[in-house]
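Novice: I'd like to go over a predicted model; first the sequence, then the structure.
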Amino acid sequence: MNLEFNRNTDINKQLLYELKDRLKTIYQGGGEKAAAKQKEKGKLLARERISYLIDNNSDWLEIGALTAEGMYREHGGCPSGGVITGIGYVAGRQCVIVANDATVKAGAWFPLTAKKNLRVQEIAMENRLPIIYLVDSAGVFLPLQDEIFPDKEHFGRIFRNNALMSSEGIVQIAAIMGSCVAGGAYLPIMSDEAMIVDGTGSVFLAGSYLVKSAIGEDVDNETLGGATTHCEISGVTDYKYPNDEACLDAIRNIMSKLGAPQNAGFDRIASALPVKNAEDIYGVLPDNREKPYDMLEIIHCLVDKSEFDEYKQLYGQSIICGLGRIDGWAVGIIANQRKVIKSKKGEMQFGGVIYSDSADKAARFIMNCNQKKIPLVFLQDVTGFMVGSRSEQGGIIKDGAKMVNAVANSVVPKFTIVIGNSYGAGNYAMCGKAYDPRLIFAWPSAKIAVMGGSQAAKTLLQIQESTLKARGETITPEKEAELLKEITDKYNRQTTPYYAAARLWVDGIIDPLDTRKVISMGIQAANQSPLTKRFNVGVIQT
């Protein structure tokens, strides 16, 4: 191995170590003291509930582990958004699981808690996956109620989704394993089946203190909304269990009796590992985002037997398109080629830039995959579309629009992995979050922004300099350097994958070696939702 390969490996493994270190802290939730209080009540912690519920030695794909990372500091933070979500297997059936973490502000709902819940409900609805709610929440975090309560994508949308899923036959099971207060009381009761843990579970529209202040009635919470009240008197809940374990066992029993899902018919054969060593990814991926590399080497580390049938290999070479298999599933891969290429016309094409011919090729390939019912995988390392007079005269806007149109109207499931740069309109054309990928994950090496840091910093500096000059202020070289550093540092913080994951622009950050698992589980989920629409790109200029 050469020195550059070894240096790349060291840098990428350092990034991976940082990811694991951050996740280790996040997995502690609200900390040891808060966990001890839950244990004193005889309750399992949220992650323990999930671990107990899912099948032994089965895969678990967490969604949004880094939600709210570094945010809400003035309120003490909100690790994972106070709720743990993901895709797992219960009694052999793939499903979505949502578990409130009562160690984080008693499971209160922050704005990003609602956004995260809506995201996993979206995953359940798109893929027709059963969804299991392990409810243990004090309700809306009141200091931020104006950011979570009334808008379309706020708290109430969750109950609207409950109703829609129920009408569409998507199974919802809710276990009340702690507090379930106010508006949050609707979530479990709007599910198909609601169970409650005796002694720790409670559900009511208003707790005892609010009842006292509102109507003057003295009543304790257990009488007001405990397991006995709702299983024997009100009939609000369907089953009562003595502890968390018994409740979770009952959920497994219900899941074991569900009818088989419909099949979308995506092709799968026996899985095979890549021939190329998957860990070579660490050495191939450069130690910074400006350096070129051959994306085909990454693809060969991901696909079964390292076999990849490239489409239009000698045309539009700044985008790689082709067919392969991942964990047995047939996939169409669209990836940005990062090495510098000399076209047949003698022109140099720079890595990560989308040119007219590349956009045209990708659009045609997407159409073909829709025709053949083959899921799409986008591997992003894109700096944007090519600019300049030659590109404009060559119709880059038209060809770019053609590709964006094909991505937007694609009906086969799409999966996006942000490997490196994800800038500007390139993010859109390569199926960024706005284009409804079924799952979108980033590697620790990812960068997501309108444009690269150095370009953005220089642009913003010019704007600031113009403003200062308009005030009659003189810009010294020292002041210019200070401003440039300040802008660059801020911009670079906002382009990290952690910044994106905290805001759910991506579903999470993963070890590159987990990419095959993410895509395979995603396609398995998508295969449970038959395609009901035909691919139609609408109006496209040719």
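Specialist: Thanks, I have it.

Novice: Would you mind measuring from Arg364 to Leu45?
Specialist: Between Arg364 and Leu45 the distance, using Cβ to Cβ, to the nearest Å, works out to 51 Å. For the C-beta atoms, the positions are set from N, CA and C on the backbone; glycine is no exception.

Novice: Kindly report the same for Tyr355.
Specialist: Tyr355 is 52 Å from Leu45, where distance means Cβ to Cβ.

Novice: re earlier: pick out whichever of Arg364 and Leu45 has more residues nearby.
Specialist: Leu45 (22 against 17; other Cβ atoms under 10 Å).

Novice: quick one: low-confidence parts of the stretch 1-150 of the chain?
Specialist: Applying pLDDT under 70 to the stretch 1-150 of the chain picks out residues 1.

Novice: Strands of that one, start to end?
Specialist: 61-63, 83-90, 93-100, 131-137 (DSSP state E, counting those that start in this stretch).

Novice: who's sitting farthest from the centroid in this structure?
Specialist: Gly472 (47.4 Å; Cα atoms, centre = their mean).

Novice: Skipping its backbone neighbours, what lies nearest Asp294 in space?
Specialist: Lys339 (4.9 Å; Cβ to Cβ, 6 or more residues apart in numbering).

Novice: residues touching Tyr293, list them.
Specialist: 284-286, 338-339, 351 (Cβ atoms under 8 Å, 6 or more residues apart in numbering).

Novice: where does the residue farthest from the centre of the chain land on pLDDT?
Specialist: In this model, Gly472 is scored at 77, pLDDT.

Novice: quick one: which helix or strand includes it?
Specialist: For Gly472, there is no enclosing helix or strand under DSSP states H and E.

Novice: how about low-confidence regions in the stretch 201-350 of the chain?
Specialist: The stretch 201-350 of the chain contains residues with pLDDT under 70 at 209, 343-350.

Novice: Sketch out the strands for it, chain order is fine.
Specialist: Under DSSP E, counting those that start in this stretch, the stretch 201-350 of the chain gives strands at 239-241, 309-311, 319-326, 329-336, 341-342, 348-349.

Novice: what distance separates the fifth one from the centre of its chain?
Specialist: Which is strand 341-342. Strand 341-342 has its C-alpha centroid displaced from the chain centroid by 34 Å (Cα atoms, centre = their mean, to the nearest Å).

Novice: for that strand, packing partners?
Specialist: strand 348-349 (3 or more Cβ pairs under 8 Å, 6 or more residues apart in numbering; DSSP states H and E).

Novice: next SSE after the strand it packs on?
Specialist: Reading on from strand 348-349 to the C-terminus, the next helix or strand found by DSSP H and E is strand 353-354.

Novice: Please name the strands paired to that next one in the sheet, noting orientation.
Specialist: strand 384-385 (parallel) (DSSP bridges).

Novice: What's the mean pLDDT across the partner strand?
Specialist: Computed over strand 384-385, the average pLDDT equals 78.

Novice: Contacts made by that strand with the rest, please.
Specialist: Defining contact as Cβ under 8 Å, 6+ apart, one finds that strand 384-385 is touched by 353-355, 359, 391, 396, 400, 423-426, 429, 451.

Novice: What separation is there between the residue farthest from the centre of the chain and Ser466?
Specialist: 12 Å.

Novice: do the same with Lys398
Specialist: 33 Å.

Novice: Which one's more surrounded, those two?
Specialist: Using other Cβ under 10 Å as the criterion, Lys398 and Ser466 rank with Lys398 on top: 14 against 10.

Novice: packing partners for whatever helix or strand the more buried one lives in?
Specialist: Under the criterion of DSSP H and E, Lys398 resides in helix 396-409. Under the contact criterion of 3+ Cβ pairs under 8 Å, 6+ apart, helix 396-409 touches helix 356-372, helix 424-429.

Novice: Let me see the residues that make contact with stretch 175-186.
Specialist: 43, 49, 100, 102, 106-107, 109, 132-140, 155-156, 159, 162, 187-188, 194-197, 200-207, 225, 237, 244, 247-248, 251.

Novice: try 6 Å
Specialist: The contact list for stretch 175-186 (Cβ atoms under 6 Å, 6 or more residues apart in numbering) reads 102, 134-139, 159, 188, 195-197, 200-203, 205, 207, 244, 247.

Novice: Around Ile173, how many other residues sit close by?
Specialist: Ile173 - counted by other Cβ under 10 Å - has 24 other residues nearby.

Novice: quick one, phi psi at it?
Specialist: phi -120, psi 130 (degrees, to the nearest 10).

Novice: Run through the residues that contact it.
Specialist: 132, 193, 251 are the contacts of Ile173 under Cβ under 6 Å, 6+ apart.

Novice: Show the buried residues in the contacts of stretch 175-186.
Specialist: 102, 134-139, 159, 188, 195-197, 200-203, 207, 244, 247 (16 or more other Cβ atoms under 10 Å).

Novice: what's the burial count for Asp360?
Specialist: 21.

Novice: Let me know whether it touches Asp399 as I believe.
Specialist: Yes. In terms of Cβ atoms under 6 Å, Asp360 counts as a neighbour of Asp399; the distance is 5.1 Å.

Novice: Could you dump the strands of the stretch 201-350 of the chain into JSON lines and include distance to Leu61 and mean neighbour count?
Specialist: Output for the strands of the stretch 201-350 of the chain, formatted as JSON lines (distance: least, Cβ to Cβ, whole Å; neighbours: other Cβ atoms under 10 Å):
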{"stretch": "strand 239-241", "distance to Leu61": "27", "mean neighbour count": "19"}
{"stretch": "strand 309-311", "distance to Leu61": "28", "mean neighbour count": "15"}
{"stretch": "strand 319-326", "distance to Leu61": "14", "mean neighbour count": "23"}
{"stretch": "strand 329-336", "distance to Leu61": "15", "mean neighbour count": "25"}
{"stretch": "strand 341-342", "distance to Leu61": "35", "mean neighbour count": "14"}
{"stretch": "strand 348-349", "distance to Leu61": "36", "mean neighbour count": "14"}
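
Novice: Perfect, that will be all.
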